[in-house]
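>>> Fold the stuff below for me.
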Amino acid sequence: MAYSASGLHKIGGASGVNLWIYQTADAIATVNTAGYFNNSANMLNVRDLIIVQDTNTPTTSFVSVLSNTGTVVDVSDGTAVAETDSD
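Numbers count the residues shown, from 1 in each chain. Model prediction:
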């Protein structure tokens, strides 16, 4: 699939660093590809944190914006959130 701006929502921010949530059917391996967030380059700042929720395979990862040239956005590989329920 491709990036969809309708899936990206700002949760909050302070001192120029923002927290976002992004819901998509794309796997984290697709989302963390350089250029995936290019259509939102005007909104994302370096060091912003994005919570990525894969709606196809219920997983959650944290990625941070590593670079943004104004046209090309690159995010980190992602840190998976352990989603376990042992009860």
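
>>> How about the contacts made by the residue nearest the centre of the chain?
The residue lying closest to the centre of the chain (Cα atoms, centre = their mean) is Ile50, at 3.9 Å. Listed by Cβ atoms under 8 Å, 6 or more residues apart in numbering, the contact set of Ile50 reads 8, 20-22, 44, 62-65, 75. C-beta: built from backbone N, CA, C; applies to glycine.

>>> Stretch 76-87: end-to-end distance?
This stretch, stretch 76-87, spans 33 Å end to end (Cα to Cα, to the nearest Å).

>>> Go through the longest strand belonging to the chain and flag the buried ones.
In the chain, assigned by DSSP state E, the strand with the most residues is strand 59-68. By 16 or more other Cβ atoms under 10 Å, the buried positions in strand 59-68 come out as 60-61, 63, 65, 68.

>>> And the strands in this structure?
Using DSSP E, strands in the chain cover 8-14, 17-24, 49-54, 59-68, 73-75, 79-80.

>>> how about the ones you listed, which one is nearest Ala2?
Of all those, it is strand 17-24 that lies closest to Ala2, at 9.4 Å by Cβ to Cβ.

>>> Does anything pack onto the closest one? Which helices or strands?
Strand 17-24 sits against strand 8-14, strand 49-54, with contacts defined as 3 or more Cβ pairs under 8 Å, 6 or more residues apart in numbering; DSSP states H and E.

>>> Quick check: which of the ones you listed has the most neighbours on average?
With neighbours defined as mean count of other Cβ atoms under 10 Å, the helices and strands packed on strand 17-24 peak in mean count at strand 49-54, which reaches a mean of 19.
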